[in-house]
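J.: Turn this into a structure:
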Amino acid sequence: MNYRHAFHAGNHADVLKHITLLALIDSFKRKDSPFFVLDTHAGRGRYLLSSEESRKTAEIDDGVMRLMAQPTLPEVVERYLKAVQADNPVGAMITYPGSPLLTAQAMRAQDRLAACELQEEEAAALKALFARDSRVGVHPGDGYAQIRSLLPPKFNGMKIGRGLVLIDPPYEAQDAEYPRILAALSETLTRWPQATCAVWFPIKQRRSVLHFFRKAAALPARSALLVEFLVRPDDSPLRLNGSGMLLLNPPWQFDRVLGPALPVLKKHLGEAGASTRMEWLKAAE
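T.: Residues are numbered from 1 along each chain as shown. Here you go, the predicted structure:
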């Protein structure tokens with residue numbers, strides 16, 4: 001997978017990831033108390049669709065643009081589409097907002113975001129994007145390594161009790177990424193036990209991630225929910241056949257919130273043999 005997300009902005013994987021992200025944030029906003037979001041692999045925050053990278057792959061055409069053409073969709077999907085449109089002029093699609101920008105646009109005055117990015121050029125763009133937003137801290141460097149210094153989150157000397165850690169690495173190392181994710185999840189739950197953790201993962205062949213699921217389910221989280229969307233059968237290790245979200249400590253009844261999106265993604269973004277799955281790896285007692 002090419003690290004630079006500009007090649008993939010707005011594709012089917014982004015659609016699943018960002019529908020899930022905004023639904024999680026909306027669940028936190030049901031209470032007045034502040035929440036904190038840590039984005040460990042934030043990217044540059046906004047992607048120009050006229051860029052050479054985006055035009056080269058045109059992955060957005062088979063992703064969010066297909067949903068934009070539909071007259072009516074479930075509320076959880078419409079919420080996402082409105083957020084994408086809010087970053088663009090009326091009737092046009094010029095940019096695609098990445099996870100940190102979608103998060104910041106959804107946050108309130110009392111909420112906080114820490115966005116980490118290892119690539120220097122991407123981190124500089126991210127820093128420029130949020131230069132005037134005091135709610136957002138941009139942290140150049142390895143997001144995994146910064147978990148220890150950023151968690152548990154504090155603001156004005158007070159701990160923030162609720163929030164999300166989003167882990168969305170580039171998987172340049174393929175399967176070697178999973179041990180780093182597991183270590184990051186373990187560190188997060190040790191330092192901030194009540195945190196919701198959301199991990200995006202690619203699916204080329206599902207059997208390659210089964211060991212990761214077993215290890216993740218054994219972590220000290222109250223619950224673990226697995227959500228997958230395959231645009232085609234997972235029969236080729238050479239292409240991105242689908243993706244998923246592993247959610248630790250998701251909000252109460254979050255499966256009911258997210259569930260209506262899955263048949264819509266299968267219908268409008270799927271090819272022959274497309275499928276979805278939502279399964280509790282560990283149910284809350």
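
J.: show me the residues around the nearest residue to G10 once chain neighbours are set aside that make contact.
T.: Leaving aside its chain neighbours, G10 sits nearest to I60 (3.4 Å; criterion: C-beta to C-beta, 6 or more residues apart in numbering). (Each C-beta comes from the backbone N, C-alpha and C, glycine too.) Contact analysis of I60 by C-beta atoms under 8 Å, 6 or more residues apart in numbering lists 9-11, 49, 54, 93, 96.

J.: tell me the pLDDT at the residue found closest to R191 once you drop the neighbours it is linked to in the chain?
T.: Once flanking residues are discounted, R191 sits nearest to L151: 4.4 Å by C-beta to C-beta, 6+ apart. pLDDT, L151: 97.

J.: measure the most far-flung residue of the chain relative to its centre to R222 for me?
T.: Relative to the mean C-alpha coordinate of the chain, counting by C-alpha atoms, centre = their mean, the farthest residue is G157 (28.2 Å). When distance is defined by C-beta to C-beta, to the nearest Å, G157 is 28 Å away from R222.

J.: count of neighbours near the residue nearest to R191?
T.: Using other C-beta atoms under 10 Å, L151 has 21 neighbouring residues.

J.: swap in G45?
T.: Using other C-beta under 10 Å, G45 has 26 neighbouring residues.

J.: and what of Q194?
T.: Q194 has 12 nearby residues by other C-beta under 10 Å.

J.: Enumerate every residue touching the residue nearest to R191.
T.: 38, 165, 187-188, 191-192, 195.

J.: ok, these vs E228, which is closest?
T.: The closest of the contacts of L151 to E228 turns out to be V165 (C-beta to C-beta; 20.2 Å).

J.: Any regions of this protein where pLDDT drops low?
T.: 1-7, 51-58 (pLDDT under 70).

J.: What sits closest to L225 if chain neighbours are left out?
T.: Distance criterion C-beta to C-beta, 6+ apart; nearest residue to L225, sequence neighbours excluded, is L247 at 4.4 Å.

J.: Also I19?
T.: Of all residues not flanking I19 in the chain, Y80 sits nearest, at 4.5 Å (C-beta to C-beta, 6+ apart).

J.: The one you found touches H18, doesn't it?
T.: Yes: using C-beta atoms under 8 Å, Y80 is in contact with H18, at 5.7 Å.

J.: Phi, psi for the residue lying closest to R112 once chain neighbours are set aside please.
T.: Spatial nearest neighbour of R112, excluding adjacent residues (C-beta to C-beta, 6+ apart): F36 at 5.0 Å. The phi/psi pair for F36 (degrees, to the nearest 10) reads phi -130, psi 140.

J.: List the contacts of stretch 73-90.
T.: 10, 15, 18-19, 22-23, 26, 46, 64, 67-68, 93-97, 101-102, 105-106, 257-258, 260-261, 264.

J.: Quick check on the residues you listed: which are buried?
T.: Among the contacts of stretch 73-90, those scoring as buried are 10, 15, 18-19, 22-23, 46, 64, 67, 93, 95-97, 101-102, 106, 257-258, 261, 264 (criterion: 16 or more other C-beta atoms under 10 Å).

J.: can you pull out the helices in this protein?
T.: 12-28, 52-57, 64-68, 75-85, 99-106, 120-129, 147-150, 177-191, 210-217, 254-258, 261-269 (DSSP state H).

J.: Please convert those helices to JSON lines, extending it with distance to E228.
T.: Listed next are those as JSON lines, based on distance: least, C-beta to C-beta, whole Å:
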{"stretch": "helix 12-28", "distance to E228": "8"}
{"stretch": "helix 52-57", "distance to E228": "22"}
{"stretch": "helix 64-68", "distance to E228": "18"}
{"stretch": "helix 75-85", "distance to E228": "16"}
{"stretch": "helix 99-106", "distance to E228": "19"}
{"stretch": "helix 120-129", "distance to E228": "27"}
{"stretch": "helix 147-150", "distance to E228": "25"}
{"stretch": "helix 177-191", "distance to E228": "16"}
{"stretch": "helix 210-217", "distance to E228": "10"}
{"stretch": "helix 254-258", "distance to E228": "12"}
{"stretch": "helix 261-269", "distance to E228": "9"}
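
J.: Thanks a lot, see you next time.
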